[in-house]
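J.: Show me how the following folds:
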Amino acid sequence: MLRTSTFLVTLTIAGCGGAPKPPQEPPQPAPIAAEPEPEPEPPLDDAPMLDVIAAQPTEILLDGKPIGTTPISGRKVAPGSHEVTFVDPERGNRTMMVTLEPGDAKTVQSDPPPSLVEASGGATGDKQGEKK
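T.: Next comes the predicted model:
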């Protein structure tokens, strides 16, 4: 009987397991990765755009500041009047005024002025506009 009592006591102690286990919480679902919000569309930009072209690559000044060499395409500028200067060390600079409103797109073009030979009609010596 001692053996049976010892066996029962052993089962009782083993069945206890010590401290009570905390109640199990239901498993949490894995967090769902939030889809990134779509980027907002950029506001419509109504800044005027300017194209500058010339027969030969030419340095350009916009309001007295260099902005590059022609051709210049899609240069955003503030609305209003602007000076576009074609830098020509041989024949002299040419400056043009252009006025742009919001949303405008304009092209400024300059060809070098004709040389004296071209203006005089070539080697014949005839003067332009002179009647024969």
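
J.: C-alpha from now on. contacts and neighbour counts both.
T.: Noted.

J.: quick one: Ile60 and Thr70 touch, right?
T.: Yes: counting by Cα atoms under 8 Å, a contact exists between Ile60 and Thr70, whose distance comes to 7.0 Å.

J.: Looking at these two, which one has more neighbours?
T.: Using other Cα atoms under 10 Å as the criterion, Ile60 and Thr70 rank with Ile60 on top: 26 against 18.

J.: Give me the local confidence score for that one.
T.: Each residue has a pLDDT score; the one for Ile60 is 95.

J.: Kindly provide the distance from it to Gly68.
T.: Ile60 sits 6 Å away from Gly68, going by Cα to Cα, to the nearest Å.

J.: So, low pLDDT: which residues of the chain?
T.: 1-23, 26-44, 112-132 (pLDDT under 70).

J.: Please enumerate the helices of it.
T.: Using DSSP state H, the helices found in the chain span residues 2-16, 116-119.

J.: For Thr107, list each beta-bridge partner.
T.: Note on Thr107: beta-bridge partners by DSSP bridges are Asp51.

J.: swap in Thr95?
T.: Taking DSSP bridges as the rule, Thr95 bridges to Thr85.

J.: Would you check that my belief about it contacting Phe86 is correct?
T.: Yes: using Cα under 8 Å, Thr95 makes contact with Phe86 at a distance of 6.2 Å.

J.: Who has more neighbours out of those two?
T.: Neighbours were counted for Thr95 and for Phe86 using other Cα under 10 Å; Phe86 has more, 26 against 18.

J.: dump the residue contacts of that one.
T.: Listed by Cα atoms under 8 Å, 6 or more residues apart in numbering, the contact partners of Phe86 are 58-61, 93-95, 110.

J.: Counting neighbours, which of these comes out on top?
T.: Ile60 (26 neighbours).
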